[in-house]
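[1] structure for this input, please:
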Amino acid sequence: MGVLTFFCAFSQYTFAQELAPSPEKYTAHNKGKFFIYWGGNRESYTKSDITFKGDGYNFTVNDVKAHDKPKGYHLDYVNPARMTIPQTNLRIGYFISDHYNVSIGVDHMKYVMTQGQVANVTGEINLPASEAGAVHNGTYNNTPTVMSEDFLKFEHTDGLNYVHAQINRVDDISKLFRIWDTDKIQINLTEGIGGGLLYPKTNATLLSKKRHDDFHVSGYGVSAQVGLNVTFFKHFFIQGELKGGYIDMQDIKTTSSNADSASQHFGFFQRIITVGGIFKL
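    I've put the predicted structure just below:
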């Protein structure tokens, strides 16, 4: 009888243990978590019409080609004193629900007009004869013109800084890869939209004039992105993103004179790799 009682009690205990729910995983919920990431990017740009206005000139350079200025694999990405030299991305955010987060960040892109290209110019240049740029005086009517350095050198290389907010959706797709223990490895799909300001430091040498050398709010941008996030041991992740957007800058500072300015708008496409952390405070 005692053996039978023991067997029944043991069986009930074992059965109860089997029915007891397993502890909920840390990665099962995101609401209330903060995250931060840092990484690098490459960019491509659409052609752009750039209009230059100032004392003695008003002209547009049409269909300007531009490219980025990559640093490659370099220690500058982790050197605090030189982190703004390469093309970088910094973002900090908060999950307002399990699937949605809001964030703010800076995409530090670089935009370089391709030097030596031939572009059509329309408008007028009528500088005083005492200025070096007067050699380019004349009326331009869709005139093919070489973008030589004494005519125009145009870069946002101290940063085509896109300072913006984003809202993103995040979905755990680990099961698609037959990953069950997401506290060890979790794979997430993320997509979102954003918008903000352009705060570049433009390096422009226009008609041999002294360049403007300071940061300036020049316009706005909007963007959309999609990415894949791989999180390790609940708190550390690598994230790859594709981001496309539109930039409109109507107040670009070009020279030391407040009378001089430029305007342009173009599309951009970023390829981004970042590393980061996610945690609850």
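[2] show me the contacts for the residue most central in space within the chain.
    In the chain, the residue lying closest to the centroid (CA atoms, centre = their mean) is Asp107, at 3.3 Å. Shown in contact with Asp107 (CB atoms under 8 Å, 6 or more residues apart in numbering): 41, 89, 161-162, 164, 243, 270. Using the backbone N, CA and C atoms, a C-beta is placed for each residue, glycine as well.
[3] select the longest strand from this structure.
    Criterion DSSP state E: the longest strand present in the chain is strand 152-172.
[4] can you check the pLDDT for the residue nearest to the centre of the chain?
    Asp107 is assigned 97 on the pLDDT scale.
[5] which residues does Val121 form a beta bridge with?
    On the basis of DSSP bridges, Val121 is bridged to Val61, Thr143.
[6] again with Gln270
    Beta-bridge partners recorded for Gln270 (DSSP bridges): Glu43, Lys243.
[7] next: Ser103.
    On the basis of DSSP bridges, Ser103 is bridged to Gly93, Gln166.
[8] mind checking how far it is from Asn41?
    16 Å (CB to CB, to the nearest Å).
[9] what strand or helix carries Ser130?
    Counting by DSSP states H and E, there is no helix or strand that carries Ser130.
[10] hang on, the earlier thing: how about the longest strand of the chain: buried residues?
    In terms of neighbour count (16 or more other CB atoms under 10 Å), strand 152-172 has its buried residues at 152-164, 166, 168, 170, 172.
[11] check contacts around Asp260.
    Listed by CB under 8 Å, 6+ apart, the contact partners of Asp260 are 52-55, 206, 209, 212, 253-254.
[12] ok, those residues vs Asp181, which is closest?
    Proximity of those to Asp181 (CB to CB) peaks at Lys253, which lies at 53.9 Å.
[13] so what's the closest one bridging to?
    The partner residues for Lys253, given DSSP bridges, come to Ser261.
[14] what is the burial count for the closest residue to Val226 other than its chain neighbours?
    Nearest non-adjacent residue to Val226, counting by CB to CB, 6 or more residues apart in numbering: Glu191, 4.5 Å away. Residues lying near Glu191 (other CB atoms under 10 Å) number 14.
[15] my read is that Glu191 contacts Arg169, right?
    Yes - contact criterion CB atoms under 8 Å: Glu191 and Arg169 qualify, at 5.8 Å.
[16] disregarding residues adjacent in the polypeptide, which is nearest to Lys280?
    Nearest residue to Lys280, sequence neighbours excluded (CB to CB, 6+ apart): Lys33, at 5.3 Å.
[17] cool, Ala134 as well?
    Setting aside the residues directly before and after it, Ala134 is nearest to Leu127 in space (CB to CB, 6+ apart), at 4.5 Å.
[18] any idea how far Ile167 is from the one you found?
    From Leu127 to Ile167 the distance is 48 Å (CB to CB).
[19] what's the answer for Val217, then?
    As judged by CB to CB, Val217 and Ile167 stand 22 Å apart.
[20] then Val230?
    22 Å.
[21] for His136, same thing?
    Taking CB to CB, one finds His136 at 47 Å from Ile167.
[22] Asp107 too?
    With distances taken as CB to CB, Asp107 is found 16 Å from Ile167.
[23] what is the burial count for the residue nearest to Lys280?
    18.
[24] please name the residues that touch it.
    94-95, 278-280.
[25] swap the cut-off to 6 Å and go again
    Lys33 makes contacts with 95, 278, 280, as judged by CB atoms under 6 Å, 6 or more residues apart in numbering.
[26] turn these into a markdown table, columns for distance to Ser261 and pLDDT.
    Below are the contacts of Lys33 laid out as a markdown table (distance: CB to CB, whole Å; pLDDT from 0 to 100):
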| residue | distance to Ser261 | pLDDT |
| --- | --- | --- |
| Phe95 | 41 | 98 |
| Ile278 | 42 | 97 |
| Lys280 | 47 | 91 |
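[27] make a PyMOL selection of the buried ones in the residues you listed.
    Those of the contacts of Lys33 that count as buried under 16+ other CB under 10 Å are selected in PyMOL with:
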select buried, resi 95+278
